[in-house]
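Chemist: Based on what follows, work out the 3D shape:
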Amino acid sequence: MSELADCRPEVIVVGAGAAGAAAAFHLARLGREVLLLDAAAFPRSKPCGGGMAASVQRWFPFDLRPAVDTVVERVRFTWALQDPVLAELPGEAPFWIVRRSRLDAFLAEQGVAAGVDFQPSTEVRSLRPVAGGWRVEVQGPDGTPQGLQARAVVVADGSGSRLAGPLGLGPRRPRFASTVSVELEGEVSDPAAARFDFGLVRQGFCWAFPRQGGYSIGLGTFVGRDPVAAEAVLTRLLPSLGFAPGAGVRSAGQLRLWDGHHALHGDGVVLAGDAASLCDPFLAEGLRPALLSGCQAAFAIDRWLGGEAGALAAYSATMRREWGESMAWGRRMAQVFYRVPRVGYQLGIKRPTAPRRIAQILSGEMGYGDIAQRVIRRLLLRNG
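Modeler: Residues are numbered from 1 along each chain as shown. Model prediction:
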């Protein structure tokens with residue numbers, strides 16, 4: 001890694017999570033000079049269920065499987081740990097479980113091999129437009145502030161983004177889901193099954209994803225502003241998995257949910273990943289849209305640097321078409337389902353075709369628009 005004082009990048013990528021690292025890799029592969037910055041030292045842990053569709057492999061020329069912990073073959077749905085429904089996932093290896101500490105570092109390593117200048121432990125304090133590009137103020141490991149300049153910037157600084165708002169990109173008032181993550185070390189009863197329970201968490205759900213040597217547990221609320229009653233839920237959930245109620249390492253957090261169509265681009269700047277408010281408002285999927293947006297952001301920036309004036313607007317349009325149109329239906333489903341979750345479970349999850357449809361959504365084979373109108377109509381009629 002070179003010293004920051006020597007950097008003369010065309011593009012600065014802020015945030016080395018899944019979206020930022022993916023963007024940096026593709027930009028370097030396209031021949032651009034890229035500086036990738038992250039405030040954390042790497043590798044670093046990050047609370048995340050770590051589930052993603054194996055179909056994301058098509059966006060990368062290298063094998064992602066070295067970063068994969070577990071391959072999920074089926075999904076088990078329950079209501080308050082009872083009334084189970086089991087769905088086999090379609091296709092070969094359709095759903096992967098990863099640890100973010102490994103995935104993010106692996107993507108950054110691929111970027112470095114492609115020519116990315118990766119500078120961890122470097123916090124971006126602010127950015128502003130200047131003649132010929134963007135001025136990025138950073139603070140490195142020694143605490144010394146420094147100014148950098150690049151023609152373009154990819155902002156991928158996560159759910160807690162401090163940069164998206166001042167840029168006037170994405171939603172003006174982001175909507176967040178309250179979450180609690182738990183990492184468990186121990187024996188996994190069914191290492192090929194992911195679990196979702198819709199009855200334990202008020203206006204939300206909890207999930208248990210198997211990984212090597214344990215589980216990644218998550219709890220989230222998706223309607224309203226109430227925090228997760230985590231301890232009451234975990235007291236019931238963890239023993240069902242063979243663990244003591246107090247087991248595991250807990251982390252509170254928030255997910256920046258998709259909440260409408262918004263511009264994700266400005267003049268020489270784009271938002272990607274969680275900073276762009278892309279998280280699925282119904283099933284909390286965040287890795288697939290993060291990787292999608294990181295890849296698409298790189299292609300758009302490359303075309304823009306090459307003189308294609310409309311390339312960044314096309315990026316916003318692509319994310320709307322490839323992700324946002326499905327999420328618009330997902331949000332409507334969430335608003336109905338999580339207000340009457342027991343009815344939703346009976347009329348939605350327990351229908352003969354429903355688990356298969358959810359499995360196809362998780363695997364990326366279909367979107368919410370393919371099923372939403374029928375689901376919402378059934379829920380409204382029953383609840384009315």
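Chemist: ok, now how distant is residue 187 from residue 215?
Modeler: 10 Å (CB to CB, to the nearest Å). For the C-beta atoms, the positions are set from N, CA and C on the backbone; glycine is no exception.
Chemist: okay, the two: which has more neighbours?
Modeler: Under the criterion of other CB atoms under 10 Å, the comparison of residue 187 against residue 215 puts residue 215 first, with 29 against 12.
Chemist: Double-check that one against residue 188; I have them as touching.
Modeler: Yes. Applying CB atoms under 8 Å, one finds residue 215 in contact with residue 188, separated by 6.4 Å.
Chemist: Residue 22: what's it in contact with?
Modeler: 59-60, 107, 290-291, 294-295, 298 (CB atoms under 8 Å, 6 or more residues apart in numbering).
Chemist: again, but for residue 62
Modeler: Neighbouring residues of residue 62 by CB under 8 Å, 6+ apart: residue 110.
Chemist: Spell out the secondary structure type for it.
Modeler: For residue 62, the reduced secondary structure class is coil; criterion used: DSSP: H, G, I helix; E, B strand; the rest coil.
Chemist: Quick check on the contacts of residue 22: which are buried?
Modeler: Among these, those classed as buried by neighbour count (16 or more other CB atoms under 10 Å) are 60, 107, 290-291, 294-295, 298.
Chemist: Out of those residues, the closest to residue 10 would be?
Modeler: Of all the buried ones among the contacts of residue 22, the one sitting nearest residue 10 is residue 298; the distance, using CB to CB, is 11.9 Å.
Chemist: burial measure for the residue nearest to that closest one when sequence neighbours are not counted, as a count.
Modeler: If you skip the residues right next to it in sequence, residue 298 has residue 26 as its closest partner in space, 3.5 Å away by CB to CB, 6 or more residues apart in numbering. Each residue near residue 26 was counted by other CB under 10 Å, and the total is 25.
Chemist: Distance-wise, check residue 26 relative to residue 172.
Modeler: As it turns out, when the distance is counted by CB to CB, residue 26 lies 29 Å from residue 172.
Chemist: Same question for residue 148.
Modeler: Distance from residue 148 to residue 172, by CB to CB: 28 Å.
Chemist: got it, and residue 82?
Modeler: For residue 82, the distance to residue 172 equals 42 Å [CB to CB].
Chemist: before we move on, what SS does residue 339 have?
Modeler: When states are read from three-state DSSP, the local structure at residue 339 comes out as coil.
Chemist: quick one: it and residue 202 touch, right?
Modeler: No. Between residue 339 and residue 202 there is no contact under CB under 8 Å: 10.6 Å.
Chemist: now for stretch 169-189, what's the gap between its first and last residues?
Modeler: The first and final residues of stretch 169-189 sit 44 Å from each other (CA to CA, to the nearest Å).
Chemist: sorry, that was for stretch 56-69
Modeler: End-to-end span of stretch 56-69 (CA to CA): 15 Å.
Chemist: Report the mean per-residue pLDDT for it.
Modeler: Averaged over stretch 56-69, pLDDT sits at 95.
Chemist: Show me which positions of it end up buried.
Modeler: Of the residues in stretch 56-69, those buried under the neighbour-count criterion (16+ other CB under 10 Å) are 56-57, 60, 64, 67-69.
Chemist: Check stretch 120-133 too.
Modeler: Within stretch 120-133, the residues scored as buried using 16+ other CB under 10 Å are 120, 122-124, 127, 133.
Chemist: Can I take it that residue 45 is in a strand?
Modeler: No. Counting by three-state DSSP, residue 45 is not found in a strand; it is coil.
Chemist: how near is it to residue 12?
Modeler: The value you get for residue 45 to residue 12, if CB to CB is used, is 25 Å.
Chemist: out of those two, which sits in the busier spot?
Modeler: For residue 45 versus residue 12, neighbours defined as other CB under 10 Å are more numerous around residue 12 (28 against 14).
Chemist: OK, contacts around the residue nearest to residue 276 when sequence neighbours are not counted?
Modeler: Across the structure, with CB to CB, 6+ apart as the measure, the residue nearest residue 276 apart from its sequence neighbours is residue 264 (5.1 Å). Applying CB under 8 Å, 6+ apart to residue 264 gives the contacts 169-170, 270-272, 276, 293, 315-316, 319.
Chemist: Report the separation between residue 264 and residue 159.
Modeler: Computed as CB to CB, the residue 264 to residue 159 distance reads 15 Å.
Chemist: of residue 148 and residue 172, who's got more company?
Modeler: Comparing residue 148 with residue 172 by other CB under 10 Å, the one with more neighbours is residue 148, at 21 against 9.
Chemist: Quick check: the more buried one touching residue 13?
Modeler: No. Counting by CB under 8 Å, residue 148 sits too far from residue 13 to count as a contact (11.9 Å).
Chemist: got any residues that touch both of the two?
Modeler: When contacts are counted by CB under 8 Å, 6+ apart, the set common to residue 148 and residue 13 consists of residue 35.
Chemist: Which neighbours in the sheet does the longest strand seen in the chain have, and how are they oriented?
Modeler: Longest among the strand segments of the chain by residue count, using DSSP state E, is strand 175-185. Using DSSP bridges, the neighbouring strands of strand 175-185 in the sheet come out as strand 214-221 (antiparallel), strand 249-257 (antiparallel).
Chemist: Just name the most buried of those strands.
Modeler: Among those, the stretch with the highest mean neighbour count (mean count of other CB atoms under 10 Å) is strand 214-221, at a mean of 25.
Chemist: Now residue 48: closest residue in space that isn't a chain neighbour?
Modeler: Using CB to CB, 6+ apart and skipping residues adjacent in sequence, the residue nearest residue 48 is residue 100, 4.6 Å away.
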